[in-house]
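In: mind folding the following:
(one chain, ligands or ions: 2)
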Amino acid sequence: MNAPTSHTDDFQQLTLALSKGRIFEETLPLLEAAGIRVSEDPEKSRKLIIGTNDPNIRVIIVRASDVPTYVQYGAADFGVAGKDVLQEHGGAGLYQPIDLQIAQCRMSVAVSEGFDYARAVRQGARLRVATKYTEIARNHFASKGVHIDLIKLYGSMELAPLVGLSDAIVDLVSTGNTLRANHLIEVEHIMDISSRLVVNQAALKLKRLRLQPILDAFASVAGA
Ligand code: PRT
Ligand code: MG
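Out: Ligands and ions are numbered 1, 2, ... in the order given. Alright, predicted model coming up:
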């Protein structure tokens, strides 16, 4: 690679990828533990690149499902992403050293109140499953030997069974309020979900001196 000489300074510069909302908010205390304070609130400033009190550390604001991609290609050195997002991405080019235990929820199968899920599975009927999480859904039902027709959605999976688009959904559940409000019942718990720190594999080697103290600070808070 024909890197210009100024790129030697890049070994000092760290870029962290975060998504707005719960991940940003729940990562703030971890950053604080590492002595890092962001200079702006992305909800208010609308800026996509945010500085910190450390001139060598910046935060970029990306869609939750885009965090692994930015880190994989090295556009960000590290990031925070849900296990759901990482399973769908596949984790190529990423090192996942720490379960931060933030943004916790679970991945579940849910159906309409009136739908007899156990019976449908027992009878070997083909299930129509609507979800944003096609990899997780495919693996889950394959491991049970249940044949499904997957319907890919990008949001509001809860609507699908209510209007006859699908028999079941695979979605994240936290309090269960959304399911209850829409007369849906959780019939299977696929996996527990929390957010992980992900690090670009090359950055981990080249920027280890800069990264390690931050990883240590995150780990000490996550374990506490
Ligand atoms: O919102 P956007 O489409 O931009 O992206 P995103 O939904 O991927 O991002 P965001 O910020 O909403 O979620 C980021 C991460 O937070 C997810 O990848 C999960 O790992 C984690 N997380 C934790 C959750 C929830 N809890 C959660 N409850 N993500 C989504 N939800 C949704 C869920 O999909 C459902 O619609 O909240 C609803 C259920 O909540 P309850 O409390 O009613 O059960
Ligand atoms: Mg969301």
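
In: correct me if wrong: Ala203 contacts Ala75.
Out: No. With contact taken as C-beta atoms under 8 Å, Ala203 and Ala75 are classed as non-touching, separated by 10.7 Å. Heads up, the C-betas are built off the backbone N, CA and C, glycines and all.

In: quick one: which of these two has more around it?
Out: Ala203 (21 against 15; other C-beta atoms under 10 Å).

In: ok, that one to Val62 distance?
Out: Plainly put, Ala203 is 16 Å away from Val62 if you go by C-beta to C-beta, to the nearest Å.

In: quick one: the helices in the chain?
Out: In the chain, the helices defined using DSSP state H lie at 22-33, 42-45, 67-72, 83-89, 117-122, 134-144, 159-162, 177-181, 201-206, 208-223.

In: for Pro55, which of those helices is the nearest?
Out: Of all those, the one in closest proximity to Pro55, counting by C-beta to C-beta, is helix 208-223 (12.6 Å).

In: if we can go back for a sec, among the helices of the chain, which is nearest ligand 1?
Out: Among those, helix 177-181 comes nearest to ligand 1, with 3.3 Å by C-beta to the nearest ligand atom.

In: okay, now whichever residue of the chain sits closest to ligand 1: neighbour count?
Out: Per C-beta to the nearest ligand atom, the residue of the chain with the smallest distance to ligand 1 is Gly82, at 2.1 Å. Gly82 is flanked by 25 other residues according to other C-beta under 10 Å.

In: thinking again about what came up before, which of the helices of the chain sits most buried?
Out: helix 67-72 (a mean of 24; mean count of other C-beta atoms under 10 Å).

In: residues in contact with the residue most central in space within the chain?
Out: Against the mean C-alpha coordinate of the chain, by C-alpha atoms, centre = their mean, the closest residue is Gly82 at 2.3 Å. Taking C-beta atoms under 8 Å, 6 or more residues apart in numbering as the contact definition, Gly82 lies against 23, 64, 103, 193-196.
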